[in-house]
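A.B. asks: What shape does this take:
(chains A, B and C)
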Amino acid sequence: MKSSTINARNVVVALVALGLTLLPVYSALTGNIFILTLFTRIIIFALAAASLNLIMGYGGMMSFGHAAYLGIGGYAVGILAYEGIGSGFIQWPVALAASALYALVIGALSLRTRGVYFIMITLAFAQMAYYVTSGLSRYGGDDGLTIYKRSTFGGLIDLSNRTQFYYLCLACLFGGIYLIWRIVNSRFGMVVQGVRSNEQRMQAIGYHANRYRLVCFVISGTICGLAGALLANNTDFVSPAGMYWTRSGELMVMVVFGGMGSLFGPVIGTIVFLLLEELLSQFTEYWALIMGPLLLLIVLFARGGIMGVLGRLSRD
Amino acid sequence: MLVLVEQSLNGLQFGLLLFLLAAGLTLVFGIMDFVNLAHGSLYMMGAYFAATFVAWTNSFVLGILMALGATLLLGIALEFIALRHLYGRDHLDQVLATFGLILFFNDAVRLIWGPAGLSLPLPSWLTVPVQIVPGVFYPAYRLSIIVVALAVAAMLYLVVMRTRIGMLIRAGASNREMIGALGINIKLLFTLVFGLGAALAGLAGLMQAPILTVQIGMGENILILAFVIIVIGGIGSIRGAFLAAIFVGMIDTLGRAFLPDLLRTVLSSAAASTAAPALSSMLIYLLMAIVLVVRPEGLFPAAKR
Amino acid sequence: MTDSAGAPLLRVENLIRSFGGIKATDNLSLDVLPGELHAIIGPNGAGKTTLISQLTGQLMPNSGAIHFAGRDVTAVPAYQRSRLGLARSFQITSLLKDFTAIDNVAIAAQAHDGHSFRFWGAARKEKHLRDAAQAALTRVGLGQRANVLVSELSHGEQRELELAVALATKPQLLLLDEPMAGLGVTESARMVALLKELRKEVTIVLVEHDMEAVFALADRITVLVYGRVIASGDPDAIRNNEEVKRAYLGDQHAVTRHG
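C.D. replies: Numbers count the residues shown, from 1 in each chain, chains lettered A, B, ... in the order given. The predicted model follows:
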């Protein structure tokens, strides 16, 4: 019994997409700039979460090191900007290529393990990236690197204009999700999901499981590298702290909040997580005192995240 | 030469501490199939408790013992209230839940003790240098760490390999239903094992406390090293964890001590001082990468897994 | 045993596989001729599944050789053996539980239809794959159940799906590991009828406990006990073989179709 197209999940997704698209209008009308900058950040993280969901939800690979790609993408932009190369046409492809290369090497090594060990190793390698960038004293080391001028695109778009930048990020998010949608339903996506579901079976019918996992891993890292480039432009700053393993954990939480293996789930999960974080921070400096146990409770009782809950509502 | 001996002993000491931490992790993972990221938080609590109790009681030994007890109780409480509900769940669930706990603990510590961190001064009888070999002196405290850690490792070995409880633990690792069917109280066994793991973490934390600062987030840095050790040493193997821990401890310490000078012989002084810290911290991960390429199951994997 | 009637499709030579101190496969040699249905029987613990796993590459032997279609495949990894034409069904149902029946079969068909590093076009819209999958499903009797999730299929239907998935890879040799495990009377009869048809198109190695089915289907039977071949030949020869009767068939009354 298939649920009809009009159901709780799709309605929520449509509303959220519409809301995100119209947000700058709201911001302009009310003069509330804060909400624009807040949601720019949310959208960028949603893109990162979507990339993580590709390997976690669809690929079954629990990577605890995705913050590394945010950092690599960001540092690509930052370092090039520092060295005088301000054009986004050069910076961003470099960010993507660096992320892809890193994902290729780390993925090839990490995929020699499974399960918990895979989680541990991705975590370890991400920390390694953190330590390496901390040691780059030319580029600020621990203190980070300020980016004085955002990426330029030859007059096509002005990143320092908040509204234009917001729509660029939104375009990247929607584009990224569309790309992921196509990938997931393609031949490649079938194999990746199949490998997640039953690796032995897939090997028996003729698929080299790890090859597909690795390619999926690289795609995911590359998309996250794009998010990193966006993030660096958003904060005009990049530092090793952005790659600290807790950031990777937060990305995981965003994915799980929204519901793994659903296309729009990461967006919803990120919105909820970051808004919650923002809200709690208004009340108390010690927001983790609430967020921590909340996470524990959600894991214990609300598996499947928000999309899971909505999905159950859809079936009724 | 003297420096080499001293640094080697430092490496041994660091390695033994890492072993205590890794052993606790491996035990809990091996017996209950439970990934506990909050293990690092227990390490941190051990250190914070120690600093606090030693200051309260004005006695180093008493404070240490109280801290150990407090960490043990904390671990048991955690297991009883929250974590036991996660046995049998997906590892990802366990990772996320204990990640939440880490966030909680870090903020709780910040609330109670403030963001600045604590220090744990050593009593004078532990700061004297001890002559271990004629002409070679080593701080008494670091020596005692080595002695205590070796003793605990030996006790662990004896308990796990030679006692009834140890047999239950090893049996539990391979077949939970069976020992349940034997009428052994599984829940109690698991709680005890978790407590043991917590005590090991706390012990490592409080022993490190006088040497490194006691600060928020100290658990996570070292937890990752513990993970690396488990991967290098071999999945499911405490012996592997021991050997890998010593190895990693030595490489990390000796690397940090001698790499800058080594680099200076090939690079310019400025380049060397930039590259050295980054390279030393990377050393362990490079090692892990090499092991993964050459022997993905670890250097000394346990036979059964 | 193997005579002039053509080169064997599968040749196993002196295969040995130990687990710790136990020899699960003990110097095992075996030939399978093209076009035959070759049954492998033996009591529990005889090492039948271990043998199948070595034939398909999930397990590597300690020593010995496996030749398939003239090639030495002893060291060839599992996924490549499928490409060469070796397909397997699993004793313990091993399907993609989150997918529908037709998806399971289509993914298998996809594996043997060019490469799968295609990222854009929807796989479910590839008509030739869907048609081939639907045909395989209809063949095994699951034509009406194509869009049902595997987790919602009955045990019997899942066993049939296992067969369909193996068939979708267009194999030369089909290795079936207890396809009738857990099937009821009607379902077993259906499976036997299906296998009778299939044996005309593809060489089959059948591991089974169901003696009625084995004797109804097999051209030749090999009997395994403790990892060793104790007898091999046509059904009548096996039925009358003293050693076999002693080791195994003596309990024929006790051996029923089990679930």
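A.B. asks: Tell me who's in contact with B:F49.
C.D. replies: B:M66, B:A67, B:A70, B:T71, B:G202, B:L206 (Cβ atoms under 8 Å, 6 or more residues apart in numbering or on different chains). Every residue, glycine included, has its C-beta placed from N, CA and C.
A.B. asks: Next one: the closest residue to chain A within the stretch 101-250 of chain B from A:L289, what distance?
C.D. replies: Among the residues of the stretch 101-250 of chain B, B:F104 lies closest to chain A, at 2.9 Å counting by Cβ to the nearest Cβ. Distance, B:F104 to A:L289, by Cβ to Cβ, to the nearest Å: 6 Å.
A.B. asks: So between these two, which is more surrounded?
C.D. replies: Neighbours were tallied for B:F104 and for A:L289 using other Cβ atoms under 10 Å in any protein chain shown; the higher tally belongs to B:F104 (22 against 19).
A.B. asks: Can you name the element that comes right after the helix or strand harbouring the residue of the stretch 101-250 of chain B closest to chain A?
C.D. replies: Here B:F104 sits within helix B:91-113, counting by DSSP states H and E. Going down the chain from helix B:91-113, the next helix or strand is helix B:124-127, by DSSP H and E.
A.B. asks: Tell me the strands beside the next helix or strand after that next one, with direction?
C.D. replies: Reading on from helix B:124-127 to the C-terminus, the next helix or strand found by DSSP H and E is strand B:129-133. The partner list of strand B:129-133 in its sheet, established with DSSP bridges, is strand B:136-139 (antiparallel).
A.B. asks: tell me the contacts of the closest residue to B:F137 other than its chain neighbours?
C.D. replies: Spatial nearest neighbour of B:F137, chain neighbours left out: B:P129 (3.9 Å); criterion: Cβ to Cβ, 6 or more residues apart in numbering or on different chains. Under the criterion of Cβ under 8 Å, 6+ apart, the contact partners of B:P129 comprise B:F137, B:Y138, B:P139, B:A140.
A.B. asks: Which of the three states applies to the residue positioned nearest the centre of chain C?
C.D. replies: Among the residues of chain C, the one closest to the centroid is C:L176, at 1.7 Å (Cα atoms, centre = their mean). Three-state assignment for C:L176 (DSSP: H, G, I helix; E, B strand; the rest coil): strand.
A.B. asks: For it, list the residues it contacts.
C.D. replies: Contacts for C:L176 were tallied using Cβ under 8 Å, 6+ apart; they are C:R88, C:S89, C:L163, C:A166, C:L195, C:I204, C:V205, C:L206, C:V207, C:E208.
A.B. asks: Distance check, it against chain B.
C.D. replies: With the distance defined as Cβ to the nearest Cβ, to the nearest Å, C:L176 ends up 31 Å from chain B.
A.B. asks: I figured A:L80 hits A:Q91, correct?
C.D. replies: Yes. Shown here, A:L80 and A:Q91 form a contact pair, counting by Cβ atoms under 8 Å, at 4.8 Å.
A.B. asks: And the least confident helix or strand in chain C by mean pLDDT, what does it pack against?
C.D. replies: Here the helix or strand of chain C ranked lowest by mean pLDDT, DSSP states H and E is helix C:242-247, holding a mean of 81. When contacts are defined as 3 or more Cβ pairs under 8 Å, 6 or more residues apart in numbering or on different chains; DSSP states H and E, helix C:242-247 packs onto strand C:220-225, strand C:228-233.
A.B. asks: gap between it and the chain center?
C.D. replies: Centre-to-centre, helix C:242-247 and its host chain are 25 Å apart (Cα atoms, centre = their mean, to the nearest Å).
A.B. asks: Just give the closest residue to the residue of the stretch 101-250 of chain B closest to chain A, not the sequence neighbours.
C.D. replies: Nearest in space to B:F104, with sequence neighbours left out and distances taken as Cβ to Cβ, 6+ apart, is A:G292 at 2.9 Å.
A.B. asks: hmm, back to that, buried only: go through the contacts of B:P129 for me.
C.D. replies: Of the members of the contacts of B:P129, the ones counted as buried by neighbours, 16 or more other Cβ atoms under 10 Å in any protein chain shown, are B:Y138, B:P139.
A.B. asks: Distance to B:D93 and pLDDT for the contacts of B:P129 - can I get that in TSV?
C.D. replies: Supplementary listing: the contacts of B:P129 in TSV, determined by distance: Cβ to Cβ, whole Å; pLDDT from 0 to 100:
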residue	distance to B:D93	pLDDT
B:F137	51	79
B:Y138	45	81
B:P139	44	84
B:A140	45	85
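A.B. asks: closest point of the stretch 101-250 of chain C to chain A, which residue?
C.D. replies: Counting by Cβ to the nearest Cβ, the stretch 101-250 of chain C gets nearest to chain A through C:A111 (3.8 Å).
A.B. asks: what about that residue, how many residues close to it?
C.D. replies: Burial of C:A111 is recorded as 24 neighbouring residues (other Cβ under 10 Å).
A.B. asks: Kindly report the same for C:G227.
C.D. replies: Other residues lying near C:G227 total 23 when counted by other Cβ under 10 Å.
A.B. asks: Point out where chain B drops to low pLDDT.
C.D. replies: B:168-180, B:183-184, B:235-236, B:270-275, B:277, B:302-305 (pLDDT under 70).
A.B. asks: what about C:V150, how many residues close to it?
C.D. replies: 21.
A.B. asks: wait, what's in contact with it?
C.D. replies: Residues C:L95, C:L96, C:K97, C:D98, C:F99, C:T100, C:A101, C:N104, C:Q158, C:L161 are the ones in contact with C:V150 under the rule Cβ under 8 Å, 6+ apart.
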